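Engineer: Show me the folded form of this:
(one chain, ligands or ions: 1)
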Amino acid sequence: MSDNILRLQGIEKAYNRGLDGEVTVLKALDLAIAPAQVVALVAPSGAGKSTLLHIAGLLDTADSGQVEIDGVDMRGLDDKARTALRRQDIGFIYQFHHLLPEFSALENIVIPQLANNVAPAQARDYAMDLLAKVGIADRAGHRPAALSGGEQQRVAFCRALANRPKLLLADEPTGNLDPATSDTVFTLLLQLVRDTGLSALIATHNLDLAGRMDQTLRLDQGQISIVQRI
Ligand code: ADP
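Structural biologist: Here you go, the predicted structure:
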């Protein structure tokens, strides 16, 4: 294992907005996440949080700078290799669950494993294991529409972890839930992340939740600073 699971160095990203000209969103941005480190990302709206998560998750490319996942420099990989690495090493959670509506909770966690050539029985066992860890093994056979918002998000957490990634990227993972459910579900997510020894970068507007992670980073004016805790 490398010293850092995620390392961004000198990341620059600008968008061309037609008549408004070019807007630079990320400027010489540096960031590093160590193995098993869980980091909160806070940012004012429009500061470039999604852009940063997409670049870190290999869903978008920077204009310049270096992205390393567990010591592997992405500049050396072609599209196919990047896609394979993304599928194996990175788990994503969004504010909305994005589960496949026609499949059960269990199937939603099994399918990504089958895509990664895991044997069906083994995929099923691990999916059940994950569902049990987030307390909803009894809901395994239900489709997303039959689950509450908090349950849907728990399934989305399990799906993100299904392929035993090295890095979890989450964008407001409990932002859609009422405050009490958000707190409970976030606690489960944190426990799951700690149990699996994952590294995580979790964007949140909620400073209480951020305070429960190892470090808080703030994205503002295109750059990252560490928020000091008192
Ligand atoms: P956040 O997630 O922090 O709200 P985003 O990363 O979505 O911010 O966007 C940062 C800035 O970049 C915003 O000003 C947004 O309007 C702009 N932006 C994002 N994506 C595009 C795009 N595809 N084309 C042009 N501008 C974009």
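
Engineer: now the helices for this structure?
Structural biologist: Ranges of helices within the chain are 49-56, 79-89, 105-115, 120-133, 149-161, 179-196, 207-210, based on DSSP state H.

Engineer: Quickly compare these and say which is most buried.
Structural biologist: helix 149-161 (a mean of 24; mean count of other CB atoms under 10 Å). Just so you know, the C-beta spots here come from the backbone N, C-alpha and C atoms, and that holds for glycine as well.

Engineer: how about the closest residue to Gln66 other than its chain neighbours, what does it touch?
Structural biologist: In this structure, Gln66 finds its nearest non-sequential neighbour in Gln9, 4.4 Å apart by CB to CB, 6 or more residues apart in numbering. If a contact means CB atoms under 8 Å, 6 or more residues apart in numbering, then Gln9 has 30, 65-66, 68 as its contacts.

Engineer: Would you mind checking those for buried ones?
Structural biologist: Neighbour counting by 16 or more other CB atoms under 10 Å classes 65, 68 among the contacts of Gln9 as buried.

Engineer: Where strands are concerned, which of the contacts of Gln9 count?
Structural biologist: In strands, defined here by DSSP state E, the members of these are 30, 65-66, 68.

Engineer: residue contacts, the residue positioned nearest the centre of the chain?
Structural biologist: What sits nearest the mean C-alpha location of the chain, by CA atoms, centre = their mean, is Leu169, with 1.7 Å. By CB under 8 Å, 6+ apart, the residues touching Leu169 are 53, 56-57, 90-93, 200-202.

Engineer: Most neighbours among those residues, which one?
Structural biologist: Ranked by the number of neighbours (other CB atoms under 10 Å), the contacts of Leu169 place Ala200 first, at 29 neighbours.

Engineer: If I look at the closest residue to that one other than its chain neighbours, what pLDDT would I see?
Structural biologist: Nearest residue to Ala200, sequence neighbours excluded (CB to CB, 6+ apart): Leu168, at 4.0 Å. The model reports Leu168 with a pLDDT of 98.
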